[in-house]
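Asks: Have a look at this prediction, sequence included:
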Amino acid sequence: MFRKMRRIKQQISEQECVEVLTNAPRGVLAVHGEDGYPYAIPMNHIYREGKIYFHGAKVGHKLDALAVDDKVSFCVMDEGFRKDGEWALNIKSVVIFGRIKKVEVGPEATEILRQIGLKHYPTAESVEEEIRKAGAHVQILELSIDHMTGKLVNES
């Protein structure tokens, strides 16, 4: 069903994909938007137990699109590195195809929101304060992975 990577020598392992997903602060989520146009937006995320979680508003273009078609693509890349004496970056990227569903309001959704916050906020206290202020207005989304590939690319 899914295409195999064309440049197989650049493919990274599943464990390396998980490391990129775990460490990258954000990626780009693409949904089937309105009038046949794709809609891609940067999203903060966490990788947890084989799934990816996002947070966002309870209304908007993204949720409208997901109500029509839950199939998505999510792309993440690391910050890259340069080998000594080289100008080009070496970047690991991961592309995922899967389906998204809403996580119901409750302790699980709050814990996921907390984990996303801890990845980005400076302190646990600031995360708890933000959850108190805005948590009721947040929708947690869960991406179940159907297919995942990753590769290491040299920009030269």
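Replies: The structure has been received and is ready for your questions.
Asks: Quick check, residue 61 in contact with residue 39.
Replies: Yes - if you go by CB atoms under 8 Å, residue 61 and residue 39 touch, sitting 6.1 Å apart. Any C-beta I mention is one placed from the backbone N, CA and C, and that applies to glycine too.
Asks: if I look at those two, which residues touch both of them?
Replies: Shared contacts of residue 61 and residue 39 (CB atoms under 8 Å, 6 or more residues apart in numbering): residue 33.
Asks: give me the element residue 115 is part of.
Replies: According to DSSP states H and E, residue 115 maps onto helix 107-120.
Asks: Going by neighbour count, which residues in that helix are buried?
Replies: Buried positions in helix 107-120, judged by neighbour count with 16 or more other CB atoms under 10 Å: 109, 112-114, 116-117, 119.
Asks: cool, stretch 148-156 as well?
Replies: 148-152.
Asks: Could I get the CA-only coordinates of that stretch as CSV?
Replies: What follows is stretch 148-156, C-alpha atoms only, in CSV (Å, rounded to 0.1, in the frame of the first residue of the first chain):
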residue,chain,number,x,y,z
MET,A,148,6.8,5.4,9.0
THR,A,149,10.1,5.9,7.2
GLY,A,150,13.1,8.0,8.0
LYS,A,151,16.3,8.9,6.2
LEU,A,152,19.6,10.7,6.7
VAL,A,153,20.2,13.3,3.9
ASN,A,154,23.3,15.3,3.2
GLU,A,155,22.4,18.7,1.8
SER,A,156,25.3,18.9,-0.6
